[in-house]
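coords please:
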Amino acid sequence: MDSLSLISFFIAPALMVFMAMLSFKMMDKAAYKAYLSSYFLGMLTVIPMILALIVADHMNLIHERSIRRIILFSFFLVGFFAEFSKFLLMRFYFLPKDIISKPADGILYMINISLGFVTAANIYFSFFWSDLLNVHAVNFTLPFANLLFAVIMGFFLGMTKFRTNFVDSYTGLGAAIFFQGLYNFCLLSKDYLLLGIVALGTLIIVIILSSKAINTDLDSVV
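This is a model prediction of the structure:
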C-alpha cells in the first residue's frame, strides 16, 4: 500500500467532518445526531455491491476486456448496486423522519450517506481490484464523483418528501445509476477526456439542482 493510497482514504472522512462542522449550527440536536449516523450507516450500503462483485468474479464475468463486461461492471455491478443500496437507506429510513424538513435536507443526508459508502468502497477497491482499476484514479475521484451523484439523488428524494408524486424518487435513482455507471465506464476504459466532460456536465446539473433546492418554497411544492 503506497502513501498516495493511504492519503486518499482520508478524503471522504475529511469531507464528512467538514460537512458536519458546517451543519452543526444549522440543525437541532436530534437532527444532527441522525445526520452523523447517516455517514456510518452509509458505510454499510457498500455490502450489496461487494457481494455482487464477489459473485460476478467467481463466475468469471468481469476480467475479460470486452465492452459488454465493462458495461456490466460499470452500470450494473457497481452503478446499480451502489446507488440502489444508498437509495433504500435514504428513502425508507431517513426520509420518513421529521428531521427532513426541507428539500435541501435530502441533499445533505444523501451526501453523508455517499461519503460513508466511499469510505468503505475505496478500501475495498484498493485491496481487491487493483489489477482491474487504476486505483489512484479511483481513490482520488470516487469521493467527489459520489458527492455529485448524491446531490442529484438527494434533490429528487428531498422533493419526494413534500410531493404526492413519487416519480421523483425513481427519477433520482435512475439518474444516479446512469451517472455512476458512466463514471465507472470512463475509469475502466481509461477514457479520461470523456471523464472530464462527464464531470463538467454533472457539475452543471448539480449546481442547478442545488440552487433549486435551496430556493424552493415549500408552499409551492405540490
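
any low-confidence regions in this protein?
1, 63-65, 132, 164-166, 217-222 (pLDDT under 70).

tell me where it has helices.
For the chain, the helices defined by DSSP state H cover 3-8, 11-23, 29-44, 47-58, 67-71, 81-89, 103-128, 135-160, 167-189, 192-214.

how about a markdown table for the ones you listed, with mean neighbour count and distance to Lys97 added?
In short, each C-beta sits where N, CA and C put it, glycine included. As requested, the helices of the chain are exported to a markdown table (neighbours: other Cβ atoms under 10 Å; distance: least, Cβ to Cβ, whole Å):
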| stretch | mean neighbour count | distance to Lys97 |
| --- | --- | --- |
| helix 3-8 | 13 | 33 |
| helix 11-23 | 16 | 16 |
| helix 29-44 | 17 | 7 |
| helix 47-58 | 15 | 23 |
| helix 67-71 | 14 | 37 |
| helix 81-89 | 22 | 12 |
| helix 103-128 | 24 | 9 |
| helix 135-160 | 23 | 13 |
| helix 167-189 | 21 | 16 |
| helix 192-214 | 14 | 18 |
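
let me have the ones you listed in JSON lines, extended by distance to Pro96.
Output for the helices of the chain, formatted as JSON lines (distance: least, Cβ to Cβ, whole Å):
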{"stretch": "helix 3-8", "distance to Pro96": "35"}
{"stretch": "helix 11-23", "distance to Pro96": "20"}
{"stretch": "helix 29-44", "distance to Pro96": "12"}
{"stretch": "helix 47-58", "distance to Pro96": "21"}
{"stretch": "helix 67-71", "distance to Pro96": "35"}
{"stretch": "helix 81-89", "distance to Pro96": "12"}
{"stretch": "helix 103-128", "distance to Pro96": "12"}
{"stretch": "helix 135-160", "distance to Pro96": "11"}
{"stretch": "helix 167-189", "distance to Pro96": "12"}
{"stretch": "helix 192-214", "distance to Pro96": "19"}
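
so which of the ones you listed is nearest Leu95?
Closest to Leu95 of the helices of the chain is helix 135-160 (Cβ to Cβ; 6.0 Å).
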